[in-house]
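In: sharing a model prediction with you, sequence too.
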Amino acid sequence: MVKLNGISDNPGSTKNRMRVGRGIGSGKGKTAGRGVKGQKARTGVAIKGFEGGQMPLHRRLPKRGFWNPFSTDYNEVNLGRIQQAVEAGKLDASAPVTLEALLAAGVISKAGDGVKILGNGEITAKLTFEVAAASKSAIAAIEKAGGSVRLLAAAEA
């Protein structure tokens, strides 16, 4: 009958870990398998990107791209989202739809460089928009619903 206190691994299936740096007679003393001297013989060394003196990959590849520091980052809002806000009572249909009104209604989360209205979705409310930009399809849909769009100049926005 097998008892729990009589169960063990097969002989030779496990090995004790090698304790390094415990004297020259242990076979892994002195340098503890790290070779001699230098940065990698020390602890906590990870030389990321170093390729033994060969030019590293990240320096061999050409630079690409350009970031324009004067670019504008508009908040894009679809007409369907604005119609939802009007129906929920978060946007006042009589007041003009501005960046501040959309922020207060929770339609957008941060101001950015202004608002661009996009034409995705249906709009039935007669609204006046005062925004930085709008797509052609959005302007057509707003005017079809009886509203108007006034584009703010870059200096005003």
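Out: Alright, I've got the coordinates. Numbers count the residues shown, from 1 in each chain.

In: what are the ranges of the strands in the chain?
Out: 75-78, 115-118, 128-131, 133-134, 148-151 (DSSP state E).

In: now render those strands as a markdown table, adding mean pLDDT and distance to residue 103.
Out: Placement of C-beta: from N, CA and C, glycine included. Shown next, in a markdown table, are the strands of the chain (pLDDT from 0 to 100; distance: least, CB to CB, whole Å):
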| stretch | mean pLDDT | distance to residue 103 |
| --- | --- | --- |
| strand 75-78 | 94 | 9 |
| strand 115-118 | 94 | 9 |
| strand 128-131 | 94 | 13 |
| strand 133-134 | 94 | 17 |
| strand 148-151 | 93 | 18 |
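
In: of these, which approaches residue 39 most closely?
Out: Ranking the strands of the chain by proximity to residue 39 (CB to CB) places strand 75-78 first, at 49.7 Å.

In: low-confidence regions, the protein specifically.
Out: 154-157 (pLDDT under 70).

In: buried residues, stretch 130-146. List them.
Out: Across stretch 130-146, burial judged by 16 or more other CB atoms under 10 Å covers 130, 131, 132, 133, 134, 135, 138, 139, 141, 142.

In: nope, stretch 64-82 is what I meant
Out: Buried residues in stretch 64-82 (16+ other CB under 10 Å): 74, 75, 77, 78, 79, 81, 82.

In: give me the beta-bridge partners of the fourth one?
Out: Beta-bridge pairing for residue 78 (DSSP bridges): residue 118.

In: I figured it hits residue 119, correct?
Out: Yes. Between residue 78 and residue 119 there is a contact under CB atoms under 8 Å: 7.5 Å.

In: thank you kindly, that will do.
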